[in-house]
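just the structure for this:
(chains A and B)
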Amino acid sequence: MPKIIKLVFLLYFCFNFSYAKGINTKVEQITKNLRCLICQGQSVYDSQSDFAISMKLVVKNMIDEGKKEKEIYDYLKSKYGEWIVYEPELNQNTFLLWLLPLILFIFGGLLIIRKVSIK
Amino acid sequence: MSKNIKFLGLLLTLIIIFIILLKGLNVSKDYSNEKLKSKIDFSLNAKKLFSDEIINISDLFDKNSPSVVNIWASWCAPCREEHQFLMKLKDMNINIIGINYKDSPKNAKNFLSLLGNPYSEVITDNDGTKSIEFGAIGVPETFIISGKTNEIIKKYIGPLTSENLVEIKDLLKKNA
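Down below sits the predicted model:
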């Protein structure tokens, strides 16, 4: 019997912690993709500058309000520009950046296939 | 023949890479948001520094003409430097709204009684989240904000200078 009680307690705490982690990781995930604008080379998540601390709070508040990830990014981009996000959007200026690896991959694959079939 | 084609292909690729890199040299590396014209959410609430009363920030802005917003703190040395220019703006009857950034109310009040109070109203921003709404990255920062469209007309990152003062005067006149 005590074993079962222990197990129940253990499970209860496990779920409790994982719930708390659920919220934190969302903030973590977003702030890790945000560039700290006054401490370049660091993400907002890593930085302890006043600016980064406030921004973490803003992201947390927006998640608590039920805002979606895209809404949060769009909000911050409207205030700080595209530069705030580490991962650039696919658009006219960045299509080469996103597609070049794919093109190189296909090109390389074709080269290998040709070499193999010649042999 | 095929050797020639290979050589031409290589040359063409090199030329294309050269052109891409050459163009990249001229791309602006200015990533500051100084030129970004974002809109301010006027439904924001904030606490006044002097009365602890919570107000809606839209009440602070003149609906028909632009206002100046200044983010400052008593612990910020450049804020002390630019204060004389804010006082000059006040003398020109310009509506200046102060946002007191991560400061103790006591120090903030001391600062203003010592150097003069150029602000029509000061609101407090203890956790820095209100400054994020203005797209600020630190103190001091100064904004010219249209009361009509809630839009940022002009943003100054860092302390104001006497040249800025002339520009602010012109911009306020132009957008009035």
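
surely residue B:48 and residue B:55 touch.
Yes: using C-beta atoms under 8 Å, residue B:48 is in contact with residue B:55, at 6.2 Å. No exception for glycine: its C-beta is placed from N, CA and C like everyone else's.

shared neighbours, these two?
Common neighbours of residue B:48 and residue B:55, using C-beta atoms under 8 Å, 6 or more residues apart in numbering or on different chains, are residue B:123.

for residue 69, give me its contacts.
Assuming you mean chain A. A:26, A:30.

the chain in question should be chain B.
B:96, B:97, B:98, B:99, B:134, B:142, B:143, B:144, B:145.

mind putting those into TSV with secondary structure, neighbour count and pLDDT?
As requested, those are exported to TSV (DSSP: H, G, I helix; E, B strand; the rest coil; neighbours: other C-beta atoms under 10 Å in any protein chain shown; pLDDT from 0 to 100):
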residue	secondary structure	neighbour count	pLDDT
B:96	strand	19	95
B:97	strand	21	95
B:98	strand	23	95
B:99	strand	29	95
B:134	coil	20	91
B:142	strand	24	94
B:143	strand	21	93
B:144	strand	20	93
B:145	strand	24	92
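
who in chain B is up against chain A?
B:31, B:33, B:36, B:38-39, B:102, B:127-129, B:131-138 (C-beta under 8 Å from any C-beta of the partner chain).

test my guess that residue A:90 contacts residue A:96.
No: in this structure, residue A:90 is not within contact of residue A:96 by C-beta under 8 Å, at 10.5 Å.

break chain A down into its domains, please.
Domain assignment for chain A, taken from automatic domain parsing, gives A:2-85, A:88-119.

tabulate those (TSV), appending mean pLDDT.
Shown next, in TSV, are those (pLDDT from 0 to 100):
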stretch	mean pLDDT
domain A:2-85	84
domain A:88-119	86
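
dump the residue contacts of residue B:138.
Counting by C-beta under 8 Å, 6+ apart, residue B:138 touches A:38, A:50, A:51, B:157.

what does residue B:128 give?
A:50, A:51, A:53, A:54, A:57, B:101, B:102.

can you rerun that using 6 Å?
The neighbours of residue B:128, taking C-beta atoms under 6 Å, 6 or more residues apart in numbering or on different chains as the test, are A:54, B:102.

what of the one 4 residues further on?
With contact taken as C-beta under 6 Å, 6+ apart, residue B:132 is in contact with A:54, A:58.

relative to residue B:38, how far out is it?
As for residue B:132, its distance to residue B:38 is 11 Å (criterion: C-beta to C-beta, to the nearest Å).

chain center to the helix or strand harbouring residue B:132: distance?
Counting by DSSP states H and E, the element that carries residue B:132 is helix B:129-133. Distance of helix B:129-133 from its chain centroid, counting by C-alpha atoms, centre = their mean, to the nearest Å, is 11 Å.
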